[in-house]
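Peer 1: Whatever this is, show me its structure:
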Amino acid sequence: MTTFITKDHGNRKLEFDKERLFAFIENNTSITSTQYKEKIVRSIESKNELKANHITDLLIHTALENVDEANTQWTYDAAKLYLKNLYNKASQNRAYDKELKYGDFYGLLKTLAGKGIYSPNILKKYSREEIIELASLIDPDRDLLFDYIGLHTLATRYLATDHQKNTFELPQERWLVIALHLMQDEPIEKRSELVAESYWALSNLYMTVATPTLANAGLAHGQLSSCFIDTVDDSLMGIYNSNTDVARLSKDGGGIGVYMGKVRSRGSSIKGFKGASSGVERSPLVA
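Peer 2: Residues are numbered from 1 along each chain as shown. Okay, the predicted model is just below:
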């Protein structure tokens, strides 16, 4: 039985080439296991037709099956395969050679700002020359520091996409966008140095930022703080106003703490909303 691989949304169909698959594995991972390769081939040849992206998923999931305390390298090989897929998608959506891994960073800023994904602030605060110079900091080899779970989490939750969820931003670009955003109001004479230092720390995984900063820095929406404390006034209106504040902050990714110390612990006019500081019944708004 011959297995065919479909590409380009089914517009191309190629006969499965085992040797080509082995060359892909050897060129993109450190996997040498014969058992791994044979299992992949058996899974593919058991089907009449298979989409190319399903082969990538099969390669990744089969690698992850081998991860244990003594064989942690498998998770990094799975990450390399996932990275290859990210590079391919980004290059298609941004129209550059996939072998370059990363495309024009300044062009990315303009494209996503034009789509309303990125805030225009970085393009306004930094000159084109500054951005191009700072883009030279991007080091694709630092993508190899990720294990599979870390890379998958970053890619699916934090990398900027267009409105159709197509891949545009890549891991090193997220780090650089964060650095540019955080340093945009620093004095111009030392701003580039601060951006470079921040990018270095982030990209080498020596430093991280709060989840809202990781998700929202440089974007046209959201905020950068992860924790807020709201004080509830001692009135029915105060309680419901606090509920509204909590909903709005949660919508933009903020974590909420609610101080109930001002709410009286006596009387029946605010039944069920006893003062948190009294040690008695607490508000259902408080975890």
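Peer 1: dump the residue contacts of residue 91.
Peer 2: 97-98, 100, 103 (CB atoms under 8 Å, 6 or more residues apart in numbering). Where C-beta positions appear, they are placed from N, C-alpha and C, glycine not excepted.
Peer 1: quick one: what helix or strand has it in it?
Peer 2: Using DSSP states H and E, residue 91 falls within helix 73-94.
Peer 1: circling back to that earlier point, which one of the contacts of residue 91 is nearest to residue 198?
Peer 2: residue 103 (22.1 Å; CB to CB).
Peer 1: okay, now the domains of this protein?
Peer 2: 1-66, 95-224, 227-278 (automatic domain parsing).
Peer 1: mean confidence score for the helix holding residue 91?
Peer 2: When pLDDT is averaged over helix 73-94, the result is 97.
Peer 1: buried ones in that helix?
Peer 2: The neighbour-count check on helix 73-94 (16 or more other CB atoms under 10 Å) flags 74-91, 93-94 as buried.
Peer 1: can you map out the strands along the protein?
Peer 2: For the chain, strands defined by DSSP state E occupy the ranges 4-7, 12-15, 49-51, 227-231, 255-259.
Peer 1: In TSV: these, plus mean neighbour count and mean pLDDT.
Peer 2: Output for the strands of the chain, formatted as TSV (neighbours: other CB atoms under 10 Å; pLDDT from 0 to 100):
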stretch	mean neighbour count	mean pLDDT
strand 4-7	15	90
strand 12-15	10	91
strand 49-51	15	92
strand 227-231	13	80
strand 255-259	15	80
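Peer 1: which residues touch the residue lying closest to residue 2 once chain neighbours are set aside?
Peer 2: If you skip the residues right next to it in sequence, residue 2 has residue 15 as its closest partner in space, 6.0 Å away by CB to CB, 6 or more residues apart in numbering. Each residue near residue 15 by CB under 8 Å, 6+ apart is listed here: 2-5.
Peer 1: Identify the bridge partners of residue 15.
Peer 2: residue 4 (DSSP bridges).
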